[in-house]
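*Asks:* here is the input, now give the coordinates:
(3 chains)
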Amino acid sequence: MGIEVRNITKTFGTFAALRDVSLGVATGELVALLGPSGSGKTTLLRIIAGLEEPDPGSGAILFHDEDVARRRVSSRRVGFVFQHYALFRQMTVFENVAFGLRVRPKRLRPSRNLVKYKVLRLLKLVQLESMANRYPHQLSGGQRQRVALARALAIEPKVLLLDEPFGALDARVRQELRQWLRRLHDEIHLTSVFVTHDQDEALELADRVLVMNEGRIEQIGTPDEVFHRPATEFVVKFMGQVNFFHGRLEGDKVHFSTMAWDWPEHAGASTQPARVFVRPHELDVDVERNGQPSLQAVVTRIHSAGPNVRLELRAASGEPLCAELTQERFRSLNLSVGNTVYVTPRDVTVFADESPK
Amino acid sequence: MTLKQHSILPGFGLTMGFTLFYLSLIVLIPLAGLLLKSATISWDQFYAAVTDPQVVASYKITFGASLVAASVNAVFGLAVAWVLVRYSFPGKNIVDAMVDLPFAMPTAVSGIALTAIYAPNGWIGRWLDPLGIEVAYTQLGIMVALTFIGLPFVVRTLQPALEDMDVEIEEAAASLGATRLQTFVRVIFPAIMPALLTGFALAFARALGEYGSVVFISGNLPMKTQIVPLLIMTKLEQYNYAEAAAIAVVALGASFAVLLFINIVQWWSRRYAA
Amino acid sequence: MKHTENIRCRAAAATTESRWVRWLLIGVSLTFLGLFLAMPLAAVFAQALSRGWAMYVRSLGDSDALSAIRLTLLVALIAVPVNTVFGVAAAWAIAKFQFFGKSVLITLIDLPYSVSPVISGMVLVLLFGRQGWLGPWLEARGIHVVFAVSGIVLATLFVTFPFVARELIPLMQAQGTEEEEAARLLGASGWQTFRRVTLPNIKWGLLYGVILCNARAMGEFGAVSVVSGHIRGETNTMPLHVEVLYNEYNTTAAFAVASLLALLALVTLVLKSVLQWKTGEQLTPEEQGYTGD
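*Replies:* Numbering: from 1, shown residues only, chains lettered A, B, ... in the order given. Predicted structure coming up:
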């Protein structure tokens, strides 16, 4: 196990930032901590790094099966990339990257030439060889980000931690760096954890995603699992826009609006209220009834500029709905605002309402 | 409740320990000694010492002259700050740097220089003397010295406030039909009011305790031109420590009251802050 | 960026005054500053040189004047480094850590600013004077504070106490702790972090504080006046020597010594402006952008 977090709790004053959080990251794995602001994801990352201490008596942090609680921060060998990079503003790019090597105790300090060799190799890795003598304020955001990464890698860290690595960049640079970071990770295979509030980023980049909310872990799983088999309502809502229906579980079926859906997980005989979620792209839209149970709705708005077409609808019962179609399907339906359509879910996610109101 | 949050940066114990030790040694213990000294006389003696007619007269002189000086600075300091922030003219950078002269110049030097200028045969004094205006060795002289000493406080607190003013707000006022004067009175002035009040209070506080630049020009006549610090000095020279301490406690109380006022202004001015 | 934009926008007719108002305001301001700032400064040099260059040089070469200069330098040489060490230590503790009672501590550090110089000197007399709390005890052991050099040093330490700390605290607070945290994570020791990361970041601000502290240390009058006893050639600093000469109607000599202090003030102003420009440069908006808040 690359990183193991066991039962960590952290409170600031009366605010519980983390409540009994446990997590394992396999060696060489890239894990995303995903959640809204205030969910505790950055606190967890800072605790793993040793920048914060967990509440006394709560849990342990292990790197490669070694408890690092007693280790001083300066000897933990953690590569940490700060959200705003925290580059040393009075040092050049070269000096920034060399810093971790130059501050080692004399007997462990590499020779001048070795430092130079290592730094230049890292700058090549992050494609900044030509920037070695620049100062941080002379670099673009994306370049600063890569200097921060090279600096963190220079100490040959056991784990790499990144706090909102793309948060301060504009959209285009963010996309490029995302793909570059994934390639870099595949190349060096360093156990890595990064924090983000952007679900697309987490799903695209990570081997596994950990979704956090209010100091608790909602779900840990592969991007596929988290997206297609969300464990909690929070995860469903956080993964993007979703249509919501009140329904009820009866036998092995769930009933909502005018429809019923097989739901074998609910084998109990009792009738129970339920909450039903359907993603926009999981709604089929047709201009005629196609024999299956469906919902009648009116098209209120069409967004067709994009890879897919998004329809805003209003169901006969008055509730707003959202559906997403391919451009081909949209053209074949020949829809315009005001048309009546019939929508049928292809897939649903259901949660039994444990405490009916 | 924990007294200090965890941090991976070292040296808190060392630096905090030294800070508290040195602060106590140099500042807190001596000031506590002053309070203890004034407590060695009875309340009646204390009251008699601080309400002696000569002492009351010096309060009035100090307070009045400080008030006049701070007001003069509020008016002209605003003009200076405005000109330095908004306009450009040759030599502006030098003028800007010169505003700090009263900070940088030793007060004794300022004192003798002002006295030389305003003495009846001085550069300015010789023009005022025939008009019957005496400056040196009068209360007017005290005001002049205190104006000199307080000027940077007003200008330096107003400058950042004027610089931070968003041009868009003035443009908005203009687009809504306000004249330039209306914009100043209704939009700009209320926005810089807290800074002006703070600068005024800082200049006033400094004037209350000022000694060096006043001692030469004031003439030090009891009941007429004797300011509080001079009176304390006189009592000390007479080895009348208890009375000196009593007067000093009152003076310190006044300074702290002004500081409190400044803090209230600052707090009040932040009520609109985002 | 924003600054130049503002200047350009301000040239727009909607947000500036008529030419006439502008020049009136500039004229009033410059007249005021001329009367209150330039004239006293000019007067110092005019009076100092009023009886010729030779007289000026002779006044400065006087043995009492020389010993006053020596004492002033000595006092500054002790007070400035001590308060600099204190200022850095206090700023480190206050700016880099979160703890209970921080604002109270900052207020206490500011205290000497709001104490009249005369009262600052007086508290030392009350403590160390012949009738003071500690005076007789110390005097029995041959240690003199009041009317002695050590009293002058203590008074100077008191009045220049906040200068360096007050300059560094806001600067270090604005710079945050991320760079230091990064240095620690990269394996730097506490001292390495301070010397290689913090110190280069604060060097201009530190120098600025030191220069202001030095100006006040060399120019302090009221507090030093109370404890010195005005013993010529022994406990007279330059400002005190100016007073003694002036009161003896030795005006030219008084202004000669004063002109040295005025020169010190001018040098201080020049350095201050240079450093303000340097520290301003240190915290340009784009640099602040990447260090975060």
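*Asks:* give me every residue that touches residue C:21.
*Replies:* residue B:180 (Cβ atoms under 8 Å, 6 or more residues apart in numbering or on different chains). Yep, even glycine has a C-beta here, placed from its N, CA and C like the rest.
*Asks:* what about it, distance to residue B:195?
*Replies:* Residue C:21 sits 22 Å away from residue B:195, going by Cβ to Cβ, to the nearest Å.
*Asks:* got it, and residue A:9?
*Replies:* 46 Å.
*Asks:* residue closest to the middle of chain A?
*Replies:* Chain A has residue A:202 as the residue nearest its centroid, 3.1 Å off, counting by Cα atoms, centre = their mean.
*Asks:* that residue contacts residue A:212, correct?
*Replies:* No - counting by Cβ atoms under 8 Å, residue A:202 stays clear of residue A:212, with 11.0 Å between them.
*Asks:* chain A - how does it break down into domains?
*Replies:* Annotated domains of chain A cover A:3-238, A:243-352 [automatic domain parsing].
*Asks:* from one end of the shortest one to the other, what's the distance?
*Replies:* Across domain A:243-352, the straight-line distance between its terminal residues is 16 Å, by Cα to Cα, to the nearest Å.
*Asks:* now do the first one
*Replies:* Domain A:3-238 has an end-to-end distance of 26 Å (criterion: Cα to Cα).
*Asks:* is residue A:51 in a helix, a strand, or coil?
*Replies:* Under the three-state scheme (DSSP: H, G, I helix; E, B strand; the rest coil), residue A:51 adopts coil.
*Asks:* count the neighbours of it for me.
*Replies:* 26 (other Cβ atoms under 10 Å in any protein chain shown).
*Asks:* could you check how many residues crowd around whatever residue of the stretch 1-150 of chain C ends up closest to chain A?
*Replies:* Residue nearest to chain A within the stretch 1-150 of chain C (Cβ to the nearest Cβ): residue C:98, separated by 10.2 Å. Residues contacting residue C:98 under the criterion other Cβ under 10 Å number 13.
*Asks:* could you pull out the helices in the stretch 1-150 of chain B for me?
*Replies:* B:12-23, B:29-38, B:43-51, B:53-86, B:92-98, B:101-104, B:107-118, B:125-128, B:139-164 (DSSP state H, counting those that start in this stretch).
*Asks:* out of those helices, which gets nearest to residue C:116?
*Replies:* Among the helices of the stretch 1-150 of chain B, the nearest to residue C:116 by Cβ to Cβ is helix B:53-86 (9.9 Å).
*Asks:* so which bits of the closest one are buried?
*Replies:* B:55, B:57-59, B:61-63, B:65-74, B:76-86 (16 or more other Cβ atoms under 10 Å in any protein chain shown).
*Asks:* repeat that for stretch C:28-36.
*Replies:* Of the residues in stretch C:28-36, C:29, C:30, C:32, C:33, C:35, C:36 count as buried by neighbour count, 16+ other Cβ under 10 Å.
*Asks:* tabulate these (a markdown table), appending distance to chain B.
*Replies:* Formatted as a markdown table, these follow (distance: Cβ to the nearest Cβ, whole Å):
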| residue | distance to chain B |
| --- | --- |
| C:29 | 4 |
| C:30 | 7 |
| C:32 | 5 |
| C:33 | 6 |
| C:35 | 8 |
| C:36 | 5 |
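*Asks:* could you report the neighbour count for the residue nearest to residue A:75 when sequence neighbours are not counted?
*Replies:* Nearest residue to residue A:75 in three dimensions, chain neighbours excluded: residue C:187, at 6.9 Å (Cβ to Cβ, 6 or more residues apart in numbering or on different chains). Neighbour count for residue C:187, taken as other Cβ under 10 Å: 24.
*Asks:* what sits against residue C:187?
*Replies:* A:74, A:75, A:77, A:100, A:103, A:104, A:155.
*Asks:* which of those residues are buried?
*Replies:* Using 16+ other Cβ under 10 Å as the burial test, those include A:74, A:77, A:100, A:103, A:104, A:155 as buried.
*Asks:* of all pairs in the residues you listed, which one is the farthest apart?
*Replies:* Most distant of these, by Cβ to Cβ, are A:77 and A:103, 13.3 Å apart.
*Asks:* distance of the residue of the stretch 151-293 of chain C found nearest chain B from residue C:59?
*Replies:* Closest residue of the stretch 151-293 of chain C to chain B, Cβ to the nearest Cβ: residue C:219 (2.9 Å). Distance, residue C:219 to residue C:59, by Cβ to Cβ: 19 Å.
*Asks:* these two: which is more packed in?
*Replies:* A count of neighbours by other Cβ under 10 Å puts residue C:219 above the other of residue C:219 and residue C:59, at 28 against 20.
*Asks:* burial count for the closest residue to residue B:12 other than its chain neighbours?
*Replies:* Spatial nearest neighbour of residue B:12, chain neighbours left out: residue C:97 (5.1 Å); criterion: Cβ to Cβ, 6+ apart. By other Cβ under 10 Å, 18 other residues sit near residue C:97.
*Asks:* can I assume residue C:97 is in contact with residue B:7?
*Replies:* Yes - using Cβ under 8 Å, residue C:97 is in contact with residue B:7, at 5.5 Å.
*Asks:* how about the residue in the stretch 101-250 of chain B that chain A sits nearest to, what does it touch?
*Replies:* Proximity of the stretch 101-250 of chain B to chain A (Cβ to the nearest Cβ) peaks at residue B:163, 22.1 Å away. Shown in contact with residue B:163 (Cβ under 8 Å, 6+ apart): residue B:85.
*Asks:* measure it to residue B:95 for me?
*Replies:* In terms of Cβ to Cβ, residue B:163 sits 16 Å off from residue B:95.
*Asks:* before we move on, what about residue B:61?
*Replies:* From residue B:61 over to residue B:95 the distance is 32 Å, taken as Cβ to Cβ.
*Asks:* hang on, the earlier thing: Three-state assignment for the residue nearest to residue A:75, please.
*Replies:* Put simply, residue C:187 is coil when judged by three-state DSSP.
*Asks:* can you give me the strands for the stretch 101-250 of chain C?
*Replies:* For the stretch 101-250 of chain C, applying DSSP state E, counting those that start in this stretch gives no strands.
*Asks:* what is the burial count for residue A:14?
*Replies:* Residue A:14: 6 neighbours (other Cβ under 10 Å).
*Asks:* go through the lengthiest helix in chain C and flag the buried ones.
*Replies:* Longest helix in chain C by number of residues (criterion: DSSP state H): helix C:63-96. Residues C:64-65, C:67-69, C:71-72, C:75-76, C:78-80, C:82-84, C:86-96 are the ones in helix C:63-96 that count as buried (16+ other Cβ under 10 Å).
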